[in-house]
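Trainee: test case, fold it:
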Amino acid sequence: MKGFTIKTEIEEYDTFEQYAAQADLGPQDLVLCGEHTYDKYVAPLSLGVQTLFREKYGKGEPTDGMVDAILDALRKKEFNRIIAIGGGTVVDIAKVVAVAGKEDKVDDLYDNVDKLKKVHPLVIIPTTCGTGSEVTNISVINRVSKGVKMGLASNAMLADKAVMITNMLDSLPYKIFATSSIDAMVHSVESFLSPNGCSISRIFSTEALKTIIQCWKKSVEAGGGDAWKTYAADFLKASNWAGLGFGYAGCAAVHACAYPLGSVYHIPHGQSNQLMFKDAMEKYKQIQPTGRINDLEDIIAECLGVTQSEALTALYELMNKVLKKEPLRNFGVKESDLPVFAGDVIKTQQRLLKNNYIQLSEEQVLEIYKAAY
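Mentor: Predicted coordinates:
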């Protein structure tokens, strides 16, 4: 028997001002965000909240050093709620802060994951349409000191509230829209195919996938560029639904293979997923062409008006119009990296690989990397 539970309360607003009034934000709240986000949405409301600007502690996706510096900066602060406003980096950091004790460092949390408890109530407001982690219990940190990008998973890190605010996407640059929506699409596909899903999780995965594909198609047909903003509310909801799907069923080989690309070459997470998606899916089809993957093809085929056999190819072509896929070598990846990456994936990403449509050997993971190279 499998049970599906949503432990995070989900709210929707048109504007941040509406949310701030309802939530009664004030001096006991810590707003963790980027400075630009604060200046645009929070500062004009004169709420008196405490702040922490994540870019003051490092750029890019979160590392153990960046998060430890943030924990150090917060040790003498007294605050109640954490209001995390941002994309995946801000959300991942906020989840760690929510469970960290006064003396904890990142390594302490990984070493004691089974004992983690929530220290601060956590509210997450996404500013991209991809991470979905406002409704998951996972924070992904690049543990530079260990040489690996790893997920830290604990139900203590689930947000108390996830707040979907449409106007938070108003200033989202196209490249971030593209990579984040691709990330959400991959979440929906991997959770749909996961053997650890259930009928309810697949409803969220399916609806997320349909919405993303249909909105991509309409945006491309409208000329691309900022045309996607017409469907911003739909992309935001789809990202959330995909998060609910993979929060239960998990992500799999695409994410596992993408992590070394982000860790070593600092390729944005959503783009790393795109670089691995086609070749991972083709490996699945090669090894086990019949099964749930055919149900996936049926969903895609219906959205794109093609036959089942044409579905995945049509999806790859649509993705290329959203963001062109390039070979790994174009990002500086060396051919000698590939066997190292494959070995590291097998050794360090079993949390994800157990959710594969079919299990992959180290040799098969290497073949995926070579195909993408």
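Trainee: how far out from the middle of the chain is the helix or strand bottoming out on mean pLDDT in the chain?
Mentor: Taking mean pLDDT, DSSP states H and E as the measure, the helix or strand of the chain with the lowest value is strand 148-153, at a mean of 85. Using C-alpha atoms, centre = their mean, to the nearest Å, we find the averaged C-alpha position of strand 148-153 to lie 13 Å away from the chain's own average C-alpha position.
Trainee: what pairs with the next helix or strand after it, and is each one parallel or antiparallel?
Mentor: Along the chain past strand 148-153, the next helix or strand (assigned with DSSP states H and E) turns out to be strand 161-165. According to DSSP bridges, strand 161-165 has the following sheet partners: strand 9-13 (parallel), strand 122-126 (parallel).
Trainee: export the least confident helix or strand of the chain as CSV, just CAs?
Mentor: These are the backbone C-alpha positions of strand 148-153, laid out as CSV (Å, rounded to 0.1, in the frame of the first residue of the first chain):
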residue,chain,number,x,y,z
VAL,A,148,30.4,15.8,-4.8
LYS,A,149,27.0,17.5,-5.3
MET,A,150,24.5,15.7,-2.9
GLY,A,151,20.9,16.0,-1.8
LEU,A,152,20.1,16.4,1.8
ALA,A,153,16.6,15.0,2.4
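Trainee: pLDDT below threshold where in the chain?
Mentor: Within the chain, the ranges that satisfy pLDDT under 70 run 1-2.
Trainee: now do the strands in it.
Mentor: 9-13, 30-33, 50-53, 82-86, 122-126, 138-143, 148-153, 161-165 (DSSP state E).
Trainee: before we move on, back to that, what packs against the least confident helix or strand of the chain?
Mentor: For strand 148-153, the helices and strands in contact under the criterion 3 or more C-beta pairs under 8 Å, 6 or more residues apart in numbering; DSSP states H and E are helix 106-111, strand 138-143, helix 253-265, helix 337-348, helix 350-353. Using the backbone N, CA and C atoms, a C-beta is placed for each residue, glycine as well.
Trainee: what about 6 Å?
Mentor: strand 138-143 (3 or more C-beta pairs under 6 Å, 6 or more residues apart in numbering; DSSP states H and E).
Trainee: okay, the strands paired with strand 161-165 in CSV with mean neighbour count next?
Mentor: As requested, those are exported to CSV (neighbours: other C-beta atoms under 10 Å):
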stretch, mean neighbour count
strand 9-13, 15
strand 122-126, 27
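Trainee: and G58, which of those strands is closest to it?
Mentor: Taking C-beta to C-beta, strand 122-126 is the member of the strands paired with strand 161-165 nearest to G58, at 20.2 Å.
Trainee: contacts for the closest one?
Mentor: Surrounding strand 122-126, the residues in contact under the criterion C-beta atoms under 6 Å, 6 or more residues apart in numbering are 81-85, 91, 98, 134, 159-163, 165.
Trainee: how about 7 Å then?
Mentor: Outside strand 122-126, the residues within contact range by C-beta atoms under 7 Å, 6 or more residues apart in numbering are 81-85, 87, 91, 94-95, 98, 134, 159-163, 165, 168, 239.
Trainee: starting at the chain centroid, how far to that strand?
Mentor: The chain centroid and the centroid of strand 122-126 are separated by 14 Å under C-alpha atoms, centre = their mean.
Trainee: and what of stretch 298-317?
Mentor: For stretch 298-317, the distance from its own C-alpha centre to the chain's C-alpha centre is 24 Å (C-alpha atoms, centre = their mean).
Trainee: okay, buried residues for that stretch please.
Mentor: With burial defined by 16 or more other C-beta atoms under 10 Å, the residues of stretch 298-317 counted as buried are I299, I300, A301, C303, L304, V306, A311, L312, A314, L315.
Trainee: residues near the residue nearest to L169 when sequence neighbours are not counted, how many?
Mentor: If the residues on either side of it in the chain are set aside, L169 comes closest to A232, at 4.5 Å by C-beta to C-beta, 6 or more residues apart in numbering. With neighbours defined by other C-beta atoms under 10 Å, the count for A232 comes to 19.
Trainee: how far away is A232 from I300?
Mentor: Plainly put, A232 is 23 Å away from I300 if you go by C-beta to C-beta, to the nearest Å.
Trainee: format the strands paired with strand 161-165 as a markdown table; extra columns: distance to E367.
Mentor: Compiled in a markdown table, the strands paired with strand 161-165 are given as follows (distance: least, C-beta to C-beta, whole Å):
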| stretch | distance to E367 |
| --- | --- |
| strand 9-13 | 40 |
| strand 122-126 | 35 |
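Trainee: now for these, which one comes closest to Y38?
Mentor: Taking C-beta to C-beta, strand 122-126 is the member of these nearest to Y38, at 12.0 Å.
Trainee: quick one: end-to-end length of stretch 136-147, please.
Mentor: When the termini of stretch 136-147 are compared using C-alpha to C-alpha, to the nearest Å, they are 24 Å apart.
Trainee: and for it, what's in contact with it?
Mentor: Surrounding stretch 136-147, the residues in contact under the criterion C-beta under 7 Å, 6+ apart are 61-65, 67, 92, 95-96, 106, 149-155, 157-158, 243, 246-247, 263.
Trainee: centre of the chain versus stretch 234-244, how much separation?
Mentor: Between the mean C-alpha location of stretch 234-244 and the chain-wide mean there is a distance of 11 Å, by C-alpha atoms, centre = their mean.
Trainee: and if you look at stretch 283-302?
Mentor: The answer for stretch 283-302 is 23 Å, by C-alpha atoms, centre = their mean.
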